[in-house]
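1. sequence first, then the predicted structure:
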Amino acid sequence: MKKRLGFVSNSSSSSFICNTKMTPEEVRDKLVVLLDFYNNFYDEDLVFENVFDEPFIAEKDYRVANSEGSVIVEGAYDNSIPYDIFDMIESKFNATRCHFG
């Protein structure tokens, strides 16, 4: 019988590279609305700061190739972005999902 010490984590972070003409501030405003919708629909009480980091413009050395100048949306913590809103983020911001495990 094999024993495992410690714990196994399935934590991961997700980022979205947004191909939009919106500013990071405009993206943030839309994410707040999206999160309000999610909270109302699922009877949750999530707050922006616990779900998302502040959106920002990717610089040349960002960890994903060809993302320079794009607005980046990242989770505040591992698995902090509810999976149910991934498709909405991709659709609204013409975003590509990047998974960092």
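-> That came through fine. Residues are numbered from 1 along each chain as shown.

2. quick one: low-confidence parts of the chain?
-> Within the chain, the ranges that satisfy pLDDT under 70 run 1-12, 100-101.

3. helices along that one, start to end?
-> 24-42, 48-51, 86-92 (DSSP state H).

4. got these as TSV, with distance to Glu59 and mean neighbour count columns?
-> Every residue, glycine included, has its C-beta placed from N, CA and C. Shown next, in TSV, are the helices of the chain (distance: least, C-beta to C-beta, whole Å; neighbours: other C-beta atoms under 10 Å):
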stretch	distance to Glu59	mean neighbour count
helix 24-42	13	15
helix 48-51	23	14
helix 86-92	21	15
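
5. which stretch among the ones you listed comes nearest Ile72?
-> Ile72 sits nearest to helix 24-42 of all the helices of the chain, at 8.3 Å, using C-beta to C-beta.

6. just checking, what packs against that closest one?
-> Counting contacts by 3 or more C-beta pairs under 8 Å, 6 or more residues apart in numbering; DSSP states H and E, helix 24-42 packs against helix 48-51, strand 71-74, helix 86-92.

7. pull the residues that contact the first one.
-> Residues from elsewhere that reach helix 48-51 (C-beta atoms under 8 Å, 6 or more residues apart in numbering): 28, 31-32, 35, 75-77, 80-82.

8. ok, now with 6 Å
-> By C-beta atoms under 6 Å, 6 or more residues apart in numbering, the residues outside helix 48-51 that reach it are 32, 76, 80-81.

9. before we move on, what about stretch 16-32?
-> 48, 52, 55-56, 67, 70-71, 73, 89, 93-97.

10. could you dump those residues into JSON lines with distance to Ser13 added?
-> Output for the contacts of stretch 16-32, formatted as JSON lines (distance: C-beta to C-beta, whole Å):
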{"residue": "Phe48", "distance to Ser13": "17"}
{"residue": "Phe52", "distance to Ser13": "11"}
{"residue": "Pro55", "distance to Ser13": "15"}
{"residue": "Phe56", "distance to Ser13": "15"}
{"residue": "Ser67", "distance to Ser13": "15"}
{"residue": "Ser70", "distance to Ser13": "17"}
{"residue": "Val71", "distance to Ser13": "17"}
{"residue": "Val73", "distance to Ser13": "11"}
{"residue": "Ile89", "distance to Ser13": "14"}
{"residue": "Phe93", "distance to Ser13": "18"}
{"residue": "Asn94", "distance to Ser13": "21"}
{"residue": "Ala95", "distance to Ser13": "15"}
{"residue": "Thr96", "distance to Ser13": "15"}
{"residue": "Arg97", "distance to Ser13": "11"}
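
11. good, wrapping up.
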